[in-house]
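Peer 1: Predicted coordinates and the sequence they were generated for:
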Amino acid sequence: MSNSTVEPCVPQDADISWVLISTVLVLGMMPGLGFFEAGLLRSKNTISIIIQIFSGATVVSSMWVILGYSLTFGPDADGRGFIGSGLRGLFINLDYDHCFGNTVIPEALYALFQMMFATITPLLMTGAYAERLAYRPFLIFTVLWEFFVYYPIAHWIWAPDGWLNKMGAQDFAGGIVIHTTAGVSALVAALMLGRRSDFHKHHGEAPYSSLPLTAIGATMLWTGWFGFNGGSALMAGQGAIHAVMNSQVAAAVGGSCFLFYHMWRTGKASLLACINGTIAGLAGVTPASGYITAPAAMVLAVLLAISAHGSIFILKHKLKIDDALDVSSVHGVPGLVGAIYIGFAGSSQIGGADGVVYGGDGKLLGVQCLACLVTAAWSVVFTYGIFKFISLFYKLRVDEAGEQHGLDAHLHAEPIGNADTHDSMAHSHGGHVTGHGHGHGHGTAATRSSHGARSRANSIKTRTYSVGGAMLNASVALHLRQDGSVVVVGEGDVDGVDVDADPREEEDDTVLATIDEEERLIQ
């Protein structure tokens, strides 16, 4: 690709339509990412993760218009293929009518399509530092990371003047530029921020709030990935067909591998395992989707499943690194594996150059390894440097009290909950208030407003209980909501029960906190 029209060329409506549709599909991946991650986190951190993604999308998209596109795809600034100039700042002089470089779409559409890639890349990292990174450091980090990591690396590999591009590095849709940079940076972020306070209690797997919500988000990601990879062909043709075909094959095989392995190991089918395997397959095939055959994509998917699962085991369960949602393992490692795999299985009959399997001399494999190594090293250095810089002015993590209370209320004053009805009932004057529920911290038996009572539980099993002066003659187990209301959950003396107990491990009759004084509840 080049940054000026090389020859008279009128874009075709079919090609424009396909890339426009692909652009919208990739945009839809961002709310999908928010739903995906929110469902895997505790409900008290739902708003915090969604606002990071939603606000991040607005800020990073604005940056792309102002200067990002120009730095990434503008004419080379120094003649060395390191970074673009500012001549396309504010989308000045973008051509809407003629073909852009050696593509068959206008430059304006190309800039819009690439905006989606630039925007979603830093948002992938939110899953690594979820439930503990303060919002202002997040926003500053995202802005600086775009300037110092994404723009230069995207220029190196995708801009026609980029030095790795000139060497022959291949990355069809972002395995190096997107998944490797985000995955490696996510690992650095997790190491620098440290573990969540209850990491060991849950063996790194915090209680999730809604797997159905995660499944909805994963479906949006899966669907959007066809625009992500298929749209990178930049035309409606065989290249797009290969990319979409390989994406579906890798997603299906990767999800199947995770599913069957979990069934073999535990005897039970796991929705979460199937989802993770599918995402790993999609992430790993991204760099190779336009360069390999469908059988090669199947082989790649098996390798991706093995490497991603092995990475989760080593990083989280052996090294105890708290990458909350395994971004480094499900995105970073597959991105690296898929990029290097091009050097083995790339086929010039599909696109690009031949890998070793198809008679290549090994040069492509060497260039792919070099591109991955340089990208990973650059990402490590600048992610570390950016976080250290921010720490000079802001505390990176929320304090322990804020983490326990939940980032939704602590940072954004927008906690979610389903307590409205119960809270209004709680203001009745001494009457019986009865409710029914069996949930993970949300079902209630009865509530009354009480700011003096304190509970150490955030996830509970509940049972029916009636509130009345004559009935409160024993120790009463309570759950303190974020809004200060108290949920009555049963009777008993259970001092010493862990905070944030995993509801998946509780018995039906578990009671998580006690208050012995009846008067404290009634006041």
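Peer 2: It's in. Numbering: from 1, shown residues only.
Peer 1: Thr181 is in contact with Leu124, correct?
Peer 2: No. Counting by C-beta atoms under 8 Å, Leu124 does not reach Thr181; the two are 9.1 Å apart. Placement of C-beta: from N, CA and C, glycine included.
Peer 1: Of these two, which one has the most company?
Peer 2: Legend: neighbour count by other C-beta atoms under 10 Å for Leu124 and Thr181, higher for Thr181 (29 against 25).
Peer 1: Pull the contacting residues for that one.
Peer 2: By C-beta atoms under 8 Å, 6 or more residues apart in numbering, Thr181 lies in contact with 121, 149-150, 153, 375, 379.
Peer 1: Would you check how far apart it and Ala377 are?
Peer 2: Separation of Thr181 from Ala377 (C-beta to C-beta, to the nearest Å): 11 Å.
Peer 1: same deal with Tyr129?
Peer 2: According to C-beta to C-beta, Tyr129 and Ala377 sit 21 Å apart.
Peer 1: For those two, work out which one has more neighbours and name it.
Peer 2: The residue with more neighbours, out of Tyr129 and Ala377, is Tyr129; 27 against 11, by other C-beta under 10 Å.
Peer 1: Just say helix, strand or coil for the more buried one.
Peer 2: Three-state assignment for Tyr129 (DSSP: H, G, I helix; E, B strand; the rest coil): coil.
Peer 1: what about the stretch 1-150 of the chain, any weak spots by pLDDT?
Peer 2: Applying pLDDT under 70 to the stretch 1-150 of the chain flags residues 1-8.
Peer 1: which stretches of it form helices?
Peer 2: Using DSSP state H, counting those that start in this stretch, the helices of the stretch 1-150 of the chain run over residues 13-40, 46-63, 69-73, 107-123, 135-145.
Peer 1: so what's the nearest residue to Phe73 once chain neighbours are set aside up against?
Peer 2: In this structure, Phe73 finds its nearest non-sequential neighbour in Ala159, 5.4 Å apart by C-beta to C-beta, 6 or more residues apart in numbering. Counting by C-beta under 8 Å, 6+ apart, Ala159 makes contact with 1, 72-73, 76, 81, 84, 165.
Peer 1: Next, Ala159: phi, psi?
Peer 2: Note on Ala159: backbone dihedrals following degrees, to the nearest 10 are phi -70, psi 140.
Peer 1: next one: the one 10 residues further on
Peer 2: Per-residue torsions, Ala169: phi -60, psi 140 (degrees, to the nearest 10).
Peer 1: With adjacent residues omitted, what lies nearest to Gly406?
Peer 2: Excluding its sequence neighbours, the residue lying closest to Gly406 (C-beta to C-beta, 6+ apart) is Lys44, at 2.7 Å.
Peer 1: Show the end-to-end separation of stretch 85-99, please.
Peer 2: By C-alpha to C-alpha, to the nearest Å, the extent of stretch 85-99 from end to end equals 21 Å.
Peer 1: again, but for stretch 185-202
Peer 2: OK, stretch 185-202 end separation, C-alpha to C-alpha: 24 Å.
Peer 1: Show me which residues of that stretch are buried.
Peer 2: For stretch 185-202, the buried set under the neighbour-count rule, 16 or more other C-beta atoms under 10 Å, comprises 185-193, 196, 198-199, 202.
Peer 1: Can you add pLDDT, distance to Trp225 and secondary structure and give these back as CSV?
Peer 2: Output for the buried residues of stretch 185-202, formatted as CSV (pLDDT from 0 to 100; distance: C-beta to C-beta, whole Å; DSSP: H, G, I helix; E, B strand; the rest coil):
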residue, pLDDT, distance to Trp225, secondary structure
Ser185, 98, 21, helix
Ala186, 98, 19, helix
Leu187, 98, 23, helix
Val188, 98, 25, helix
Ala189, 98, 24, helix
Ala190, 98, 24, helix
Leu191, 98, 28, helix
Met192, 98, 30, helix
Leu193, 97, 28, helix
Arg196, 95, 29, coil
Asp198, 90, 33, coil
Phe199, 93, 31, coil
His202, 86, 30, coil
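Peer 1: where exactly do the strands run in the stretch 301-450 of the chain?
Peer 2: 434-435, 446-449 (DSSP state E, counting those that start in this stretch).
Peer 1: now for stretch 398-411, what's the gap between its first and last residues?
Peer 2: Start-to-end span of stretch 398-411 (C-alpha to C-alpha) is 9 Å.
Peer 1: Ala111: neighbouring residues, count only.
Peer 2: For Ala111, the neighbour count with other C-beta under 10 Å is 21.
Peer 1: State the distance from it to Leu33.
Peer 2: Applying C-beta to C-beta, the value for Ala111 to Leu33 is 22 Å.
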